[in-house]
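Colleague: quick one, what's the 3D model for this:
(4 chains)
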2 protein chains.
Amino acid sequence: MVKITDVARRAGVSPSTVSYALSGKRPISDETRRRVQAAVRELGYRTHVRTRSGDGAGSRVLALAVPMRSGVHVPVVTQFAVSVVTAARAHGHDVLLLTRGEGEEGIGRIAETGLADALVVMDVQLQDPRLALLRSSPLPSVLIGVPAEPDGLTCVDLDFGAAGELCVEHLARLGHRTVALVGSPPEVYVRRTAFARRLVRGFTTAADRHRLASAVYPCEAGRDAARSLAERLLREQPALTGVVVHNEPLLDPLIDAFEELGLRIPEDLSLTAVCPAPVAASARVPLTSVTVPAAELGTRAVHLLVRKLSGAPVPGVTLLPPRLTERASTGPRPV
Amino acid sequence: MVKITDVARRAGVSPSTVSYALSGKRPISDETRRRVQAAVRELGYRTHVRTRSGDGAGSRVLALAVPMRSGVHVPVVTQFAVSVVTAARAHGHDVLLLTRGEGEEGIGRIAETGLADALVVMDVQLQDPRLALLRSSPLPSVLIGVPAEPDGLTCVDLDFGAAGELCVEHLARLGHRTVALVGSPPEVYVRRTAFARRLVRGFTTAADRHRLASAVYPCEAGRDAARSLAERLLREQPALTGVVVHNEPLLDPLIDAFEELGLRIPEDLSLTAVCPAPVAASARVPLTSVTVPAAELGTRAVHLLVRKLSGAPVPGVTLLPPRLTERASTGPRPV
DNA sequence: GAGGTTCGTCGAAGCGCTTCGACGGGTGAA
DNA sequence: TTCACCCGTCGAAGCGCTTCGACGAACCTC
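Modeller: Numbers count the residues shown, from 1 in each chain, chains lettered A, B, ... in the order given. Below you'll find the predicted structure:
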């Protein structure tokens, strides 16, 4: 291991000078700085973790808490994770992965152990048991998702309420009078997952405002679930012509199920999804959708965290406005 | 932060005694040890990273290198990652995520920086540029995947060669005479990804041994690719009745494509997949498959790494024997 | 019961780095 | 020309922990 004293010797200065030359915390002459940098390069010097979490710099590690609960769609979560890692690397940070069970224990461990110097929290619930810990901990954190009481926290998310409304408005504009929301699996709502709940609220609000008949159907993923849900929808909502789906793995199976039941999309039934753009674009029928900007959310979370680390003020809640992209799955209400 | 001196004061001993009581590196009287442990518990003491990577213990962090290249199937990779994290936690380790681009740079950084004290490497290519680094680095590592020259490395993987053979043998036993392998996207082979290449070799070897007509078709994921591949197969291999698919995201689209072209599965065409069990079981038609035991591989990799860290000898290459599970997608050759 | 072992504990040094306080030598002002 | 000041550098202390060497107190053995 090459240490700071090696660099110092090579550059012909003292270790402290090397430290200052590298951190810029005190003025160093150009000449000296150049020599130090050269020595660093030649020796391949890197500051060792054990010391860099000393007093000044942090450990340059972000922790990412991804609960991986049942009912979360893995590819979407992974997109978030990858974008967080990429953004973190761009800021010179590594990413420590915290998964299931670690919700609370893990956060405590990270905080006290100094392993990471900041935290990104995903899959936030409206009343999240982790919040108390986050509020009281000195560890800066950013949530992807907005809990019921976000005071004192920093959160980023798509404005899922507005997203729900946007879907309904799109359908209303096309003349649909009866709409349904096909949601995430029931356990997601039972856990009071923030974004899922907000979407439902937005959907219902907009439907009421436009005086549409509406209903909400949580649903498991999978072909069988899709088939029986489709049948149930037709039975319980005979006038149904517009459906909003907020359940990525269910999209294709549901399309299949509707078509097997003799409904053409969009001639007989309009479908709007809330999901990442690639998912919508590559579905069996390209889906009109409100994009969940997973990559952008991950990146933003990291940016906010880096700003927090540098002591800059950050907004409490950042909600990205939803954007609806029309594709082939929606059309006017059949006559 | 509660430090060792706090514990020492509380327990009425010196810091060094606390250290020894905790590490067991010197005999400590039961009485003293008990007092120390009580103090630790009451104060919630945890040894700080900055120091625990000192000389004795490692940093208790494993790095996981997941390249996330194009053509890798995200859910499968994620399954590996999650199982690695879970297993690592069970051994008291955290997991640092290294993704794209970091192949080499990242490994170097980890090694020199002391951030992690061991490394799990995924998506191994036959001639992997990272291997030199791994061989020369003092950082213990385990590869998930087996390169062309595994000497001096520790590797775990499914025996993909045997898996390819097993699929062919199953089809041969059912009487099929012409078989095709639908593989991963072309770039995966161009990169000389180890498992993909091995599967092809096993497939071809077994087909030759059984005197079956055989062909290999790399294929992109997606509906359009599936459709045109299906058409091309029927055109180029009119006698085709058995297909092995090694491309998770292509499974459902390919089933659809075949059926749209009027082929029933398994009456007209038998399909065998090589993929994780849940993927095979939840496909549109439950697929006869050789299971890729993602979770087990992740767990094994961590076990091996932990043993390496403790200085125990470990086997060089561990290949798990493939197991074929029959489901609804294979049947006797149509007459 | 004197000399030799353990055993259990402590103090101090050291890990690689940052940072505080100090100091020497220019430079500018008077 | 002198004094003040600031710039650039250095030495030393300190971070929280581990570990080496030492030391007193029991405990044996002949």
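
Colleague: ok, and the closest non-adjacent residue to residue A:38?
Modeller: Of all residues not flanking residue A:38 in the chain, residue A:11 sits nearest, at 7.3 Å (C-beta to C-beta, 6 or more residues apart in numbering or on different chains). In this view, the C-beta of every residue, glycine as well, is placed from N, C-alpha and C.

Colleague: and that neighbour, how many neighbours does it have?
Modeller: When neighbours are defined as other C-beta atoms under 10 Å in any protein chain shown, residue A:11 has 22 of them.

Colleague: ok, it - contacts?
Modeller: By C-beta atoms under 8 Å, 6 or more residues apart in numbering or on different chains, the contact set of residue A:11 is A:17-18, A:32, A:35-36, A:38-39.

Colleague: those residues: which ones sit near DNA strand C?
Modeller: Restricting the contacts of residue A:11 to those adjacent to DNA strand C (criterion: C-beta under 7 Å from any atom of the strand) gives residue A:18.

Colleague: if any of the contacts of residue A:11 are buried, put those into a PyMOL selection.
Modeller: Selection command for PyMOL covering only the buried members of the contacts of residue A:11, criterion 16 or more other C-beta atoms under 10 Å in any protein chain shown:
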select buried, chain A and resi 17+18+32+35+36+39
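
Colleague: which one of the contacts of residue A:11 is nearest to DNA strand C?
Modeller: The nearest member of the contacts of residue A:11 to DNA strand C, counting by C-beta to the nearest atom of the strand, is residue A:18 at 6.8 Å.

Colleague: where's the closest one, which helix or strand?
Modeller: Counting by DSSP states H and E, the element that carries residue A:18 is helix A:15-23.

Colleague: is DNA strand D within reach of the helix or strand that that helix is followed by?
Modeller: Going down the chain from helix A:15-23, the next helix or strand is helix A:30-43, by DSSP H and E. Yes. Contact between helix A:30-43 and DNA strand D, assessed by C-beta under 7 Å from any atom of the strand, occurs at A:31-33.

Colleague: helix A:30-43 versus helix A:15-23: what angle between them?
Modeller: Computed by axes from the mean of the first three to the mean of the last three C-alpha atoms, to 10 degrees, the angle separating helix A:30-43 from helix A:15-23 equals 90 degrees.

Colleague: got the CA coordinates for helix A:30-43 in PDB?
Modeller: C-alpha atoms of helix A:30-43 as PDB (Å, rounded to 0.1, in the frame of the first residue of the first chain):
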ATOM      1  CA  ASP A  30       1.600  25.800  -7.900                       C
ATOM      2  CA  GLU A  31       5.100  24.400  -8.000                       C
ATOM      3  CA  THR A  32       4.600  22.200  -5.000                       C
ATOM      4  CA  ARG A  33       1.200  21.100  -6.000                       C
ATOM      5  CA  ARG A  34       2.500  20.000  -9.300                       C
ATOM      6  CA  ARG A  35       5.200  17.900  -7.700                       C
ATOM      7  CA  VAL A  36       2.700  16.400  -5.300                       C
ATOM      8  CA  GLN A  37       0.300  15.500  -8.100                       C
ATOM      9  CA  ALA A  38       3.100  14.000 -10.100                       C
ATOM     10  CA  ALA A  39       4.200  11.800  -7.200                       C
ATOM     11  CA  VAL A  40       0.600  10.800  -6.600                       C
ATOM     12  CA  ARG A  41       0.300   9.700 -10.200                       C
ATOM     13  CA  GLU A  42       3.500   7.900 -10.400                       C
ATOM     14  CA  LEU A  43       2.900   6.000  -7.200                       C
END
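
Colleague: now do it, average pLDDT.
Modeller: In this model, helix A:30-43 has an average pLDDT of 90.

Colleague: do the same with stretch A:321-335
Modeller: On average, stretch A:321-335 scores 94.

Colleague: buried residues in it?
Modeller: For stretch A:321-335, the buried set under the neighbour-count rule, 16+ other C-beta under 10 Å, comprises A:322, A:324, A:327, A:329-331, A:333.

Colleague: go on, stretch A:2-11?
Modeller: Neighbour-count burial for stretch A:2-11 flags A:2-4, A:6-8, A:10-11 (criterion: 16+ other C-beta under 10 Å).

Colleague: how about stretch A:306-321?
Modeller: A:306-309, A:318-320.

Colleague: C-terminal to the helix or strand bottoming out on mean pLDDT in chain A, what's the next element?
Modeller: The helix or strand of chain A with the poorest confidence is helix A:49-52; it has a mean of 58 (mean pLDDT, DSSP states H and E). Going down the chain from helix A:49-52, the next helix or strand is strand A:61-65, by DSSP H and E.

Colleague: now the strands for chain A?
Modeller: Listed in chain order, the strands of chain A (DSSP state E) span A:61-65, A:94-98, A:118-121, A:141-144, A:155-158, A:178-182, A:213-217, A:242-245, A:270-275, A:288-291, A:317-320, A:324-325.

Colleague: my read: residue A:15 touches residue A:5, true?
Modeller: Yes. Here residue A:15 reaches residue A:5: they are 5.3 Å apart, a contact under C-beta atoms under 8 Å.

Colleague: between these two, which contacts overlap?
Modeller: Joint contacts of residue A:15 and residue A:5 (C-beta under 8 Å, 6+ apart) do not exist.

Colleague: picking up where we left off before, which of the buried residues of stretch A:2-11 sits closest to chain B?
Modeller: Within those, the smallest distance to chain B is 7.9 Å, found for residue A:2 (C-beta to the nearest C-beta).

Colleague: if I pick the closest one, what's in contact with it?
Modeller: A:43-46, B:112.

Colleague: ranking those residues by neighbours, who comes first?
Modeller: Counting by other C-beta under 10 Å, top hit in those: residue A:45 with 21 neighbours.

Colleague: contacting residues for that one?
Modeller: Residue A:45 touches A:2-4, A:6-7, A:39, counting by C-beta under 8 Å, 6+ apart.

Colleague: cool, and residue A:186?
Modeller: By C-beta under 8 Å, 6+ apart, the neighbours of residue A:186 are A:218, A:220.

Colleague: need the max-distance pair from the contacts of residue A:11.
Modeller: A:17 and A:38 (13.9 Å; C-beta to C-beta).

Colleague: where's the dip in pLDDT among the buried residues of stretch A:306-321?
Modeller: Of all these, residue A:309 carries the smallest pLDDT score, 79.

Colleague: wait, that residue sits on residue A:119?
Modeller: No. Residue A:309 is beyond contact range of residue A:119, at 10.9 Å (criterion: C-beta under 8 Å).

Colleague: hey, what's in contact with both of the two?
Modeller: residue A:140.

Colleague: the residue in the stretch 151-300 of chain A that DNA strand C sits nearest to - how many residues pack around it?
Modeller: Residue nearest to DNA strand C within the stretch 151-300 of chain A (C-beta to the nearest atom of the strand): residue A:154, separated by 24.5 Å. By other C-beta under 10 Å, the residues close to residue A:154 number 21.

Colleague: tell me how far the closest residue to it other than its chain neighbours lies from DNA strand C.
Modeller: Closest residue in space to residue A:154, ignoring its immediate chain neighbours: residue A:142 at 4.8 Å, by C-beta to C-beta, 6+ apart. Computed with C-beta to the nearest atom of the strand, to the nearest Å, the distance linking residue A:142 and DNA strand C is 24 Å.

Colleague: so what's residue A:142 up against?
Modeller: So residue A:142 contacts A:118-121, A:154-156, A:301-302, A:304-305, A:308 (C-beta under 8 Å, 6+ apart).

Colleague: residue A:244 too?
Modeller: Contacts for residue A:244 (C-beta under 8 Å, 6+ apart) come out as A:164, A:167-168, A:171, A:179-182, A:203, A:272-274.

Colleague: turn the residues you listed into JSON lines, including pLDDT, neighbour count and distance to DNA strand D.
Modeller: Formatted as JSON lines, those follow (pLDDT from 0 to 100; neighbours: other C-beta atoms under 10 Å in any protein chain shown; distance: C-beta to the nearest atom of the strand, whole Å):
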{"residue": "A:164", "pLDDT": "97", "neighbour count": "26", "distance to DNA strand D": "49"}
{"residue": "A:167", "pLDDT": "97", "neighbour count": "31", "distance to DNA strand D": "53"}
{"residue": "A:168", "pLDDT": "97", "neighbour count": "27", "distance to DNA strand D": "55"}
{"residue": "A:171", "pLDDT": "97", "neighbour count": "28", "distance to DNA strand D": "59"}
{"residue": "A:179", "pLDDT": "97", "neighbour count": "26", "distance to DNA strand D": "59"}
{"residue": "A:180", "pLDDT": "97", "neighbour count": "22", "distance to DNA strand D": "57"}
{"residue": "A:181", "pLDDT": "97", "neighbour count": "27", "distance to DNA strand D": "52"}
{"residue": "A:182", "pLDDT": "97", "neighbour count": "23", "distance to DNA strand D": "52"}
{"residue": "A:203", "pLDDT": "97", "neighbour count": "29", "distance to DNA strand D": "51"}
{"residue": "A:272", "pLDDT": "97", "neighbour count": "29", "distance to DNA strand D": "55"}
{"residue": "A:273", "pLDDT": "97", "neighbour count": "28", "distance to DNA strand D": "51"}
{"residue": "A:274", "pLDDT": "96", "neighbour count": "29", "distance to DNA strand D": "47"}
